[in-house]
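Show me how the following folds:
(one chain, ligands or ions: 1)
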Amino acid sequence: MTETLHIVGGGMAGSEAAWQAAQAGIPVVLHEMRPAVGTFAHQTGLLGEMVCSNSFRSDDSEQNAVGLLHWEMRAADGLIMATADKHRLPAGGALAVDRDPFAQSVTDALMAHPNVTVQYGEITELPHDGHWIIATGPLTSGALADAIAAETGAEALAFFDAIAPIVYADSIDMSKAWMQSRYDKGDTEEERTAYLNCPMDRDQYEAFIDALLAADKTEFHEGETAKYFDGCLPIEVMAERGRETLRFGPMKPVGLTNAHAPDVKPYAVVQLRRDNKLGTLYNIVGFQTKMKYGAQNTVFKTIPGLEDAAFARLGGIHRNSFINSPTLLDSQMRLRARPNIRFAGQITGVEGYVESAAMGLVAARMAVAEITGKTLQAPPDTTAMGALMTHITGGADAKTFQPMNVNFGLFPPVEGLKSGRRGRKDRYKAYTDRAKMDWKSWLES
Ligand SMILES: Cc1cc2nc3c(=O)[nH]c(=O)nc-3n(C[C@H](O)[C@H](O)[C@H](O)COP(=O)(O)OP(=O)(O)OC[C@H]3O[C@@H](n4cnc5c(N)ncnc54)[C@H](O)[C@@H]3O)c2cc1C
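Just a heads-up that it's a prediction; the model follows:
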């Protein structure tokens, strides 16, 4: 008899995973704690509930990385994409979804599937036997989060997402910024030039502080803890504590010499640190923030060198349980210490409905292969699915690991194409053409 796949969490990732495995002929038990045990964000007991916006973002599979991920999931007969297409609302180039019929259809499809049993109830332990996928999302219940922390070490499970904004390297103006580590620290040239620095004079700093203090901010949701840890105070809270706080904190100008004006001492310096192995993404060090996205776009572009910055993601702080996947998971998304357990969805450190469902899709296919005595290699990192997986299972720096949306910064470059803004359209088309070809080959493998 074929072994059963247990999936914990009937959200975006768990629903997609259940569908993929069931369609492959594997018996699935899907464990969902709602409606008996709720979260502060979910409103219903339905599977596949969208907790906030009703958008799956861009549907452009040629020029947008999330649009490409849509394409890949459709090509893999994904339940979440097929249901989103069925309940699509007019939204220009974006894929907006009528949320209640969407979740109802996901629920109906899984309930009606002969290979799926939905079992309502909270799972509170990490199981020792059988094949399991944990897809309990950013609001994983307290008991299970405790069990995960006990298994992995408390520091490997984050409860808050304190996100510093991430910028595409090729959108930074290097005629103003320069590369240097503070006090030129490091044994190699690479280490001595590990940071990218943006200098400010006094007027620019004062104007920046004014803009921070005046910016629109988001409040914590009810049920979220508004407790900040001193190590990750939002920059605007630091600015509220005193106009000089940032200049003595993340923006301190010491140990740095402006390569473009060595005789002029900057009044403050914003530092950016490499965020991925490819060097295509940089995060602004210490700039976690509760400013609204519109305000961030305006305020951060006043930083010299970032006037034309394009953001791979903006900053934020919110309740989000996620594991340190680069250290905990192998390339099959299995917990190294307990290989009978895979993780999928937002808890692995991806961000967003589509990315979470995508990780459910691939984790289930890997589990199916294992149950049927085969091994399915991870998709190549030239595909949107593979680029995301590579990021969480090893591409990202484990020390600064933060949840990530899919974006072209995660893709290996296509050789021979023009860099910078002007070449972007051709570059993205080349990425997506390559991805589609490689995704089709992977599906056939
Ligand atoms: C407040 C908030 C707003 C968000 N807004 C957006 C947005 O606008 N757009 C966007 O793309 N993403 C948004 N996200 C992120 C969003 O949660 C994810 O994109 C997506 O829902 C994650 O999918 P998932 O399957 O990993 O988790 P979920 O969809 O949350 O599914 C996890 C499921 O596991 C269940 N569960 C948890 N613990 C247990 C347990 N112990 N036993 C059994 N079941 C359990 C939960 O009830 C839930 O059904 C938001 C997240 C939060 C918290």
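
Which other helices and strands does the helix or strand containing Arg319 contact?
Following DSSP states H and E, one finds Arg319 within strand 316-323. Strand 316-323 is packed against helix 142-152, strand 157-163, with contacts defined by 3 or more CB pairs under 8 Å, 6 or more residues apart in numbering; DSSP states H and E. Every C-beta, even on glycine, is put in place using the N, C-alpha and C of the backbone.

Which among those is found nearest to the ligand?
The ligand sits nearest to helix 142-152 of all the helices and strands packed on strand 316-323, at 3.6 Å, using CB to the nearest ligand atom.

got the contact list for that closest one?
Outside helix 142-152, the residues that touch it by CB atoms under 8 Å, 6 or more residues apart in numbering are 8, 122-126, 134, 136, 140, 156-157, 159, 321, 323-324, 328, 335, 337-338.

try stretch 381-388
65-66, 68-69, 72-73, 350, 355, 358-359, 361-362, 378-380, 389-390, 395, 404, 406, 410-412, 431, 434-435, 438-439, 442.

What about those, which are in helices?
Those of the contacts of stretch 381-388 mapping onto helices are 65-66, 68-69, 72-73, 355, 358-359, 361-362, 389-390, 431, 434-435, 438-439, 442, per DSSP state H.

Can you mark which positions in the strand holding Arg319 are buried?
By 16 or more other CB atoms under 10 Å, the buried positions in strand 316-323 come out as Gly316, Ile317, Arg319, Asn320, Ser321, Phe322, Ile323.

Neighbours of the closest residue to the second one other than its chain neighbours, how many?
Nearest-residue entry for Ile317: Ala162, 4.9 Å, with adjacent residues in sequence omitted and distances by CB to CB, 6 or more residues apart in numbering. Summarising burial for Ala162: neighbours were counted as other CB atoms under 10 Å, giving 22.

thinking Ala162 is in contact with Asn320, fair?
No - with contact defined as CB atoms under 8 Å, Ala162 and Asn320 do not form a contacting pair (9.4 Å).

where exactly do the strands run in the stretch 251-400 of the chain?
With strands called from DSSP state E, counting those that start in this stretch, the stretch 251-400 of the chain shows them at 268-274, 281-284, 311-313, 316-323, 334-335, 338-343.

among those strands, which is nearest the ligand?
strand 316-323 (6.0 Å).

Spatially nearest residue to whatever residue of the stretch 201-350 of the chain ends up closest to the ligand, not counting backbone neighbours?
Of all residues in the stretch 201-350 of the chain, Gly345 sits closest to the ligand, at 2.5 Å by CB to the nearest ligand atom. Once flanking residues are discounted, Gly345 sits nearest to Ala13: 2.7 Å by CB to CB, 6+ apart.

Contacts only, for the one you found.
For Ala13, counting by CB under 8 Å, 6+ apart, the contacting residues are Ala135, Gly137, Ala344, Gly345, Gln346, Ser356, Ala357, Met359, Gly360, Ala363.

can I assume it sits in a strand?
No - Ala13: not assigned to a strand; according to DSSP: H, G, I helix; E, B strand; the rest coil it is helix.

quick one: secondary structure of the residue of the stretch 101-250 of the chain found nearest the ligand?
The stretch 101-250 of the chain approaches the ligand most closely through Gly137 (2.3 Å), counting by CB to the nearest ligand atom. At Gly137 the chain is in coil, as set by three-state DSSP.

tell me the contacts of it?
Per CB under 8 Å, 6+ apart, neighbours of Gly137: Gly9, Gly11, Met12, Ala13, Ser321, Gly345, Gln346, Ile347, Ser356.

Just flag the most distant two among those.
Spanning the widest gap among the contacts of Gly137 are Met12 and Ser321, at 15.0 Å by CB to CB.

Need the phi and psi values for the residue of the chain found nearest the ligand.
Closest contact between the chain and the ligand, by CB to the nearest ligand atom, is at Gly11 (1.8 Å). Main-chain dihedrals, Gly11, degrees, to the nearest 10: phi -100, psi -140.

Considering the contacts of Gly137, which possesses the most neighbours?
Ala13 (35 neighbours).

Give me the neighbour count for the residue nearest to Pro266 when sequence neighbours are not counted.
What sits nearest to Pro266 in space, not counting adjacent residues and going by CB to CB, 6+ apart, is Pro199, at 3.6 Å. Neighbouring residues of Pro199 were enumerated by other CB under 10 Å; the total is 26.

Now do the contacts for the residue of the stretch 201-350 of the chain closest to the ligand.
Gly9, Gly11, Met12, Ala13, Gly14, Ala135, Thr136, Gly137, Ser356, Ala357, Met359, Gly360.

mind checking how far the residue lying closest to Leu68 once chain neighbours are set aside is from Asp263?
Of all residues not flanking Leu68 in the chain, Ala384 sits nearest, at 4.5 Å (CB to CB, 6+ apart). Distance of Ala384 to Asp263, computed by CB to CB, to the nearest Å: 47 Å.

from the chain's centre, how far out does the lowest-mean-pLDDT helix or strand in the chain sit?
The least trusted helix or strand in the chain, going by mean pLDDT, DSSP states H and E, turns out to be strand 157-163, with a mean of 75. Mean-position distance between strand 157-163 and its chain equals 12 Å (CA atoms, centre = their mean, to the nearest Å).
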